[in-house]
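>>> structure for the following, please:
(chains A and B)
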Amino acid sequence: MPTPLLQINQLTVTLKKRQALFKAVDNLSLTVNKGEILGLVGESGAGKSMVGSAIMGLIDKPLFISSGEIYFKQRRIDTNAQPVRGAEISMIFQDPLVSLNPLRTIGDQLLETIRTHIPLSKPKALERAKRLLKEVGIDPARINAYPHTFSGGMRQRVVIALALAPEPSLIIADEPTTALDVSVQAQILDLLKQLCKHRGTSIILITHDMGVIADTTDRVAVLYSGRLAEIGTTYDVLKNPCHPYTKGLVAATPQINGASLKDKLFQIPGSMPDLNNIPAGCAFYPRCTQAVCQCEGEQPALFDNRTACWLFDKGAKPK
Amino acid sequence: MSYVTASGLTRQYDLSDPWFIRMITGRKANVLTAVNQVSFSIEKGTTYALVGESGSGKSTIAKMLAGVLAPSQGSVQIDGHDFNNPRLDNANKKMLRQRVQMVFQSPYASLNPRWKIGDILLEPINAFNLIEDKATRQKRVIELLEQVGMSAHDQTKYPHEFSGGQRQRISIARALACHPELIICDEPTSALDVSVQAQVLNLLKDLQQENGLTYLFISHDLAVISTMANKIGVLKDGELVEEGETSGLLANPQHAYTKMLLAAAPDIGAYIS
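This is a model prediction of the structure:
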């Protein structure tokens, strides 16, 4: 088996607040292979973005990585992400209006990013910036335009060009299409898929939209309360979800032509627990309809490298 | 007769320079047509969905239906009354306002952060003088909260103490407070998570069945619309390009724009069936 591009081993991110400790990400292990799109999915507050920040080394007080390691190309980066941040791993944020500087032209911003990471003369860097713009589908003649002259989708393309500038091997896309229209969303996701194919770039796609996951990703990891609930290929996870939470998420997602008007959508009862109130055993236990004996007291391990649910333990005793 | 009839609705915005500047510079007048000749009707107790991208005029139509914005041309008839009829007297205007309520997109922006939930729900009741007696008014607030699946002691809390889904429930309760017949839902779930979205959509369906409500449902998410609407109107650049019953329109779209929207919509259906 080839060594993965990114390996996260039992990562725990802790929040320290008034001497009390809360786990925002709890014992999470993940791998990302070369050229693959991994989806991170979960409700808001599940810790999806926190994982992205941890990889980039952007965790700051009152949060800290309390245990676990992150390896990128077999180099440990959780202690010092400086050499890879922005160069080998880059990030695309949700809101393209906020992540671009409104007072500088996009060419200016592209040049800055390119020349920070690659030693190139100004004319060469400019040439490269134009090539990048062309690659993401923007007319290179607009290199001296300001961000406000672009539409939301075009701006997100500029942000993607910025992320691509240092030729990273991994892009973390944190809800890249949430602020965009469906048709623009489809274009952006298509663009990301193309890049993945042609350049062999790996992508971690953070989203809460199961539809986006279905259309874009190769593998998907479902997070709940900072813990891994289920992981597997997108096909397996959506076709035969194991964890009751994943089942709930899939069933709650509306489908086109899925149901008649009289049918109701499936709804998961209750809501995700607060960080200061995560149950002792399985975090999903209070909302779960299929709970067995162990659920209340013991935290489940990842069974069959697939799901953290006691139902898949050989010795599970029904309640 | 349909409950809501919009005929030839048009709304224009004048973006021209002032007259004097135009005279000096010779610039032409610049009029933006946000909504152009849109006609549709909604039967009582059904849901009509408007779908389209941002800038297609969905929310402008919603505002004209709610009587907040006057159409440049055309008219809206709600149960036979027209907001913009100059001969409509104040009593009828008030009655019309009471019948049409709105649920907005962002529950974070549409609830006053300095008001308690109880006061938020009392405002429409007081505005229309619906209940004279104080004790009965309190009872009505509790009844409203229970109707949307919340509890009586929530009325003493402030909006920030609730999650997005709960806040949207409060918005719905506020819309229900004055016994409306038409509720305009402007992207009610686009700020919410999938699981919370399912709860809010189911709540809207329940309320429709119990109270015979009519909905105008605005969204850009075709998957959500397909589970909610009886009829769909597709808007593009302010014009209604296609209209039809939900199942027919989604199974057999005619206009190129509808086809494009359908192709672009992320759907997990392929994995499930």
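
>>> distance check, the residue of the stretch 51-200 of chain A found nearest chain B against B:Val224.
Per C-beta to the nearest C-beta, A:Ala186 is where the stretch 51-200 of chain A lies closest to chain B, at 3.7 Å. Bear in mind the C-beta positions are built from the backbone N, C-alpha and C, glycine included. Computed as C-beta to C-beta, to the nearest Å, the A:Ala186 to B:Val224 distance reads 17 Å.

>>> before we move on, what about A:Ile77?
Distance from A:Ile77 to B:Val224, by C-beta to C-beta: 40 Å.

>>> which of those two has more neighbours?
A count of neighbours by other C-beta atoms under 10 Å in any protein chain shown puts B:Val224 above the other of A:Ile77 and B:Val224, at 25 against 22.

>>> please report phi then psi for that one.
Here is the backbone geometry of B:Val224 (degrees, to the nearest 10): phi -60, psi -40.

>>> pull up the distance across stretch A:53-73, start to finish.
Terminal residues of stretch A:53-73 lie 18 Å apart, using C-alpha to C-alpha, to the nearest Å.

>>> please apply the same query to stretch A:96-111.
18 Å.

>>> show me how far the helix or strand where A:Lys193 lies is from its chain's centre.
Assigned by DSSP states H and E, A:Lys193 falls within helix A:182-199. Offset of helix A:182-199 from its chain centre (C-alpha atoms, centre = their mean, to the nearest Å): 16 Å.

>>> low-confidence ranges in chain B?
B:273 (pLDDT under 70).

>>> helices along that one, start to end?
B:19-25, B:58-65, B:90-99, B:117-127, B:134-147, B:164-176, B:194-211, B:222-228, B:246-251, B:256-264, B:269-272 (DSSP state H).

>>> out of those, the one nearest B:Ala34 is which?
helix B:58-65 (4.8 Å; C-beta to C-beta).

>>> tell me who's in contact with residue 225.
Let's take chain A. By C-beta atoms under 8 Å, 6 or more residues apart in numbering or on different chains, the contact list for A:Ser225 reads A:26, A:46-47, A:272-273, A:275, A:278, A:283-284.

>>> wrong one, I was asking about chain B
With C-beta under 8 Å, 6+ apart, B:Ile225 has these contacts: B:49, B:51, B:217, B:219, B:232, B:246.

>>> the residues you listed: which ones sit near chain A?
When C-beta under 8 Å from any C-beta of the partner chain is applied, the members of the contacts of B:Ile225 adjacent to chain A are B:Thr246.

>>> who in the stretch 151-300 of chain A is up against chain B?
By C-beta under 8 Å from any C-beta, the residues of the stretch 151-300 of chain A that approach chain B are A:152, A:181-186, A:189, A:208-215, A:234-235, A:238-239, A:248-250, A:252-259, A:261, A:263-268, A:271.

>>> now these: which count as buried?
For these, a burial check counting by 16 or more other C-beta atoms under 10 Å in any protein chain shown picks out A:152, A:181-186, A:189, A:208-215, A:234, A:238, A:248-250, A:252-258, A:261, A:265-268, A:271.

>>> can you tell me which of those are in strands?
If you go by DSSP state E, these have nothing in strands.

>>> which of these fall within helices?
Counting by DSSP H, those contribute A:152, A:182-186, A:189, A:210-215, A:234, A:238, A:248-250, A:252 to helices.

>>> so who does the residue nearest to the residue of the stretch 51-200 of chain A closest to chain B when sequence neighbours are not counted touch?
Take A:Ala186 and drop its neighbours on the chain: the residue closest to it by C-beta to C-beta, 6 or more residues apart in numbering or on different chains is B:Ala264, 3.7 Å away. Residues in contact with B:Ala264, defined by C-beta under 8 Å, 6+ apart, are A:182-183, A:185-186.

>>> what pLDDT does the residue lying closest to A:Gly153 once chain neighbours are set aside get?
Using C-beta to C-beta, 6+ apart and skipping the chain neighbours, the partner closest in space to A:Gly153 is A:Val184 (3.5 Å). What the model reports as pLDDT for A:Val184 is 84.

>>> residue of chain B nearest chain A, please.
For chain B, C-beta to the nearest C-beta, closest residue to chain A: B:Pro266, 2.9 Å.

>>> hmm, that residue is touching A:Thr207, no?
No - if you go by C-beta atoms under 8 Å, B:Pro266 and A:Thr207 don't touch, sitting 9.6 Å apart.

>>> mind checking which of the contacts of B:Ile225 land in strands?
Using DSSP E, B:49, B:51, B:217, B:219, B:232 are the members of the contacts of B:Ile225 that sit in strands.

>>> give me the neighbour count for the third one.
It stands for B:Phe217. Number of residues near B:Phe217 (other C-beta under 10 Å) recorded here: 25.

>>> give me the residue at the spatial middle of chain B.
Centroid-nearest residue in chain B, with C-alpha atoms, centre = their mean: B:Ile184, separated by 2.3 Å.

>>> so who does whichever residue of the stretch 201-319 of chain A sits closest to chain B touch?
Per C-beta to the nearest C-beta, A:Gly211 is where the stretch 201-319 of chain A lies closest to chain B, at 2.9 Å. Listed by C-beta under 8 Å, 6+ apart, the contact partners of A:Gly211 are A:253, B:223, B:265-268.
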